[in-house]
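K.L.:
predicted model and sequence below, questions to follow.
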Amino acid sequence: MNPRTLAREAAPILREFAASPVRVVRALPDEWRQRRGKSPWTESDFSDDWYEHLHRLVGAPWPCPDAEQVRGLLADIGALLAAKGLGTGRHTYGWYSDAEIELCGAIWCAVLHVRPDVVIETGVAHGVSSRVVLEALARNDRGHLWSIDLPHPLNHKLHGTTGAAVTDACRPRWTYLEGESKRMLPPLIAEAGEVGLFVHDSLHTARNTLFEMEQAASVMRPGGVMLIDDIRGHDGFATFAKRHPEYTTVLCSTADRMAGFGIAVHAAAA
Ligand SMILES: C[S@@+](CC[C@H](N)C(=O)[O-])C[C@H]1O[C@@H](n2cnc3c(N)ncnc32)[C@H](O)[C@@H]1O
């Protein structure tokens, strides 16, 4: 990192440190780790046909008549966020990003085709992925979303924007739980019942991703789906795939090859 970029990135962290030293000191090592991680993958590990694979694995038709609808939904979400003075896309929540269109498409179709009663996600920020889940649950007229989120640990000015993309109409099917996933997920898992869809989009370190996946796997219903964002910087998803042959895994890249997510479908659906 060149000295100018370092100074630009360090300044808000130092300001935050002055306001809340304990929170910043606790968060910094993992925040740093997730940004500096090395990819365990090669480009050939990512499937160009991931969307079709996902549909095949959950027993849904392909081409999918519902797949394109997510574009209109994302346009609505973008307009809502813009009306609230918020950006959409990459690095619009500190250095975190809204879920990319590929992940949103996977979420949309997974909810429509798996028809889960229980969805759990980690990582809300603006709530783009939350809104996509909730709109699909509304279409199914069934299911509930539990979302765990630790608002940006290094920038408290963003905290008021949490869930900004989620409309009032969607909120009856939504429970928002604030805190670190390593603390919030185990009691939720103990209470929520069988999970049909789990979405990870919180702290993207190997340790946290693997921890969340193991938690979700302990209550995953046969044929359930996990969508695990930002797998390019660590080997957490790969470790889970090796440990759990009962899951079929597929990797999806964004079109610009900068980001990517993993799909893990419980074998009962394959
Ligand atoms: C990539 S953003 C989520 C984007 C969101 N899924 C969307 O589509 O708009 C990551 C979120 O996870 C939160 N986060 C960071 N560390 C966390 C942790 N340990 N547990 C839970 N959430 C965490 C961040 O503050 C941020 O709100």
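P.N.:
Received, thanks.
K.L.:
what's the neighbour count on residue 170?
P.N.:
19 (other C-beta atoms under 10 Å). Backbone N, C-alpha and C define where each C-beta goes, glycine included.
K.L.:
how about the nearest residue to it, chain neighbours excluded?
P.N.:
residue 134 (3.9 Å; C-beta to C-beta, 6 or more residues apart in numbering).
K.L.:
and the helix or strand encompassing the one you found, C-alpha only, in CSV?
P.N.:
Assigned by DSSP states H and E, residue 134 belongs to helix 128-140. C-alpha atoms of helix 128-140 as CSV (Å, rounded to 0.1, in the frame of the first residue of the first chain):
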residue,chain,number,x,y,z
VAL,A,128,-29.5,-5.2,0.0
SER,A,129,-29.3,-8.9,0.4
SER,A,130,-31.8,-8.8,3.3
ARG,A,131,-34.3,-7.0,1.0
VAL,A,132,-33.8,-9.5,-1.8
VAL,A,133,-34.5,-12.4,0.6
LEU,A,134,-37.5,-10.6,2.1
GLU,A,135,-39.0,-9.8,-1.3
ALA,A,136,-38.6,-13.5,-2.4
LEU,A,137,-40.2,-14.7,0.9
ALA,A,138,-43.1,-12.3,0.3
ARG,A,139,-43.5,-13.9,-3.2
ASN,A,140,-43.6,-17.3,-1.6
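K.L.:
ok, then the element right after that helix?
P.N.:
Next along the chain after helix 128-140, taking DSSP H and E as the criterion, comes strand 144-149.
K.L.:
that next one packs against which elements?
P.N.:
Applying 3 or more C-beta pairs under 8 Å, 6 or more residues apart in numbering; DSSP states H and E, we find strand 144-149 packed against strand 118-122, helix 128-140, strand 174-178, helix 181-192.
K.L.:
tell me which of these sits most buried.
P.N.:
For those, the largest average neighbour count (mean count of other C-beta atoms under 10 Å) is found in strand 118-122, namely a mean of 26.
K.L.:
low-confidence stretches in the stretch 151-270 of the chain?
P.N.:
Residues of the stretch 151-270 of the chain meeting the criterion pLDDT under 70: 269-270.
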